[in-house]
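*Asks:* turn this into a structure:
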Amino acid sequence: MWVVGLVGSPRKGMNTDTLVSQALSGARAQGAEVEKIYLSDLSIRPCQGCGKRPPGGYCMFRDGMEEIYRVLEGADALVIGTPAYYGTVSAQLKLMIDRCNCLSEMVPQADGRMTFRTRIAKRKRALFIWVADSSRDPACALQVMRLWGKDANVELVDTLIVTGADRGTPARKRPELLQRAYELGAKLVAGLQG
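*Replies:* Just a heads-up that it's a prediction; the model follows:
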């Protein structure tokens, strides 16, 4: 099993990164091969809404998204972490999500209506980690992730919602949160095995 962590925070070693790492440790303890990708390390151009579908690929642009498309095609599960920005996801994660616009195609139904269908064959499970300081309501971020999941063939099976992340003791130094992230990572893989 291959579990990939996508870190939507530009701050390595801080709250979001630490919680994603803990979840990956839990997945590794269940026998999964793990990998972590920092979205801020990838050079990803913004979606241009071109509507073109190149032969042999998902997008006209060949950039850091090629690595993400590889993950979406092959991974068994994802751990996706982001800090809260204005109650939703970080710019790094949103940039990746927007570039997944090309992962679905319109197909006709028997009754003549059109519907969207993902071009990604492999279904994946995902754990979503949302780390907020002043934001309290993850509803917008969860809606974005669920919509993206339809195009990327990703089922959001668990969440770790952290609020007040830097008030008092930072999230990365709170043993109960670290343990919860570890357990959720282990559960993510156990769900694949069962």
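
*Asks:* okay, CA-based contacts and neighbour counts for the rest of this
*Replies:* Fine.

*Asks:* regarding the residue nearest the centre of the chain, what is its secondary structure?
*Replies:* Computing the C-alpha centroid of the chain and ranking residues by Cα atoms, centre = their mean puts I80 first, at 3.5 Å. Here I80 is strand, with the state taken from DSSP: H, G, I helix; E, B strand; the rest coil.

*Asks:* OK, contacts around E33?
*Replies:* 1-3, 27 (Cα atoms under 8 Å, 6 or more residues apart in numbering).

*Asks:* from P170, how far off is G64?
*Replies:* 31 Å (Cα to Cα, to the nearest Å).

*Asks:* contact partners for the residue of the chain most remote from its centre?
*Replies:* Distance to the chain centre peaks in the chain at D111, reaching 34.2 Å (criterion: Cα atoms, centre = their mean). By Cα under 8 Å, 6+ apart, the contact list for D111 is empty.

*Asks:* picking up where we left off before, residue contacts, the residue nearest to the centre of the chain?
*Replies:* Neighbours of I80 in contact, by Cα under 8 Å, 6+ apart: 5-8, 20, 126-129.

*Asks:* mind running it again at 10 Å?
*Replies:* Going by Cα atoms under 10 Å, 6 or more residues apart in numbering, I80 touches 4-8, 16-17, 19-20, 23, 36-37, 93, 126-130, 145, 156, 159.

*Asks:* L177 now?
*Replies:* 19, 22, 160-162, 171, 183.

*Asks:* just to be sure, which of the residues you listed are found in helices?
*Replies:* 19, 22, 183 (DSSP state H).

*Asks:* and the pLDDT at the nearest residue to the second one once chain neighbours are set aside?
*Replies:* The one in question is Q22. Spatial nearest neighbour of Q22, excluding adjacent residues (Cα to Cα, 6 or more residues apart in numbering): Y182 at 4.9 Å. With respect to pLDDT, Y182 has a value of 98.

*Asks:* with I97 instead?
*Replies:* For I97, pLDDT reads 98.

*Asks:* which is the succeeding secondary structure element to the helix or strand hosting it?
*Replies:* I97 is part of helix 91-98, with elements assigned from DSSP states H and E. Heading C-terminal from helix 91-98, the first helix or strand you meet, by DSSP H and E, is strand 104-108.

*Asks:* quick check: buried residues in that following strand?
*Replies:* S104 (16 or more other Cα atoms under 10 Å).

*Asks:* parallel or antiparallel, which strands does it pair with?
*Replies:* Using DSSP bridges, strand 104-108 pairs in its sheet with strand 114-118 (antiparallel).
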